[in-house]
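Colleague: Next comes the sequence, and after it the predicted model I'd like to discuss.
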Amino acid sequence: MAYGDATTALQARDAERLWYSLEGLVSAATRLHHLLWPSPDDSGELRGTLGVEDDSPLNRPQLFRVSSLVSTLETWNSLGPGQPPLLSNLGPNGFTEPSPADCVRCFAPEAGSFTLYGAVFELPPLLHAVVGIAQRVEQELKQLRAVV
């Protein structure tokens, strides 16, 4: 849903909706990360059932960095103390080209990368991982329904 909303918002140049949707997508990916890697001593049974490898885009440090927003904000703010941050790189005339490090949130549509507080998310691989998991979950549900 977040991806569809982001696509629609991008076409309409609706900055508020775009940022909300992209942040929602990252939030959903972070939740998936926590479900699949709940603790260091986790057996990995759910990941094994769903065929999710440890090198999945859903197991990137950026996802657990952003999950702790307060520490993420503190870390990001310490990189440029005393400088007022740019809220985003999307304005009335489209996308500008400041460094992603200068913006709270930055989106590069041609590359599909979204930067939030210095954490860079490559959206295409992340979306492919989510779609793959969704398909495997649907298969598992069909098998469970057949048994029940």
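Modeller: Received the coordinates, thanks.
Colleague: rest of the way, CA atoms for contacts and neighbours
Modeller: Noted.
Colleague: Parallel or antiparallel, list what pairs with the longest strand seen in the chain.
Modeller: Criterion DSSP state E: the longest strand present in the chain is strand 103-108. Based on DSSP bridges, the pairing partners of strand 103-108 within the sheet are strand 86-88 (parallel), strand 113-116 (antiparallel).
Colleague: So what's the gap between that strand and the chain middle?
Modeller: Computed by C-alpha atoms, centre = their mean, to the nearest Å, the chain-centroid distance of strand 103-108 equals 13 Å.
Colleague: What average pLDDT does that strand get?
Modeller: Mean per-residue pLDDT for strand 103-108: 80.
Colleague: secondary structure class for residue 58?
Modeller: State at residue 58, reduced to three classes by DSSP: H, G, I helix; E, B strand; the rest coil: coil.
Colleague: And for the nearest residue to it once chain neighbours are set aside, the neighbour number?
Modeller: Once flanking residues are discounted, residue 58 sits nearest to residue 33: 5.5 Å by C-alpha to C-alpha, 6 or more residues apart in numbering. Residues lying near residue 33 (other C-alpha atoms under 10 Å) number 19.
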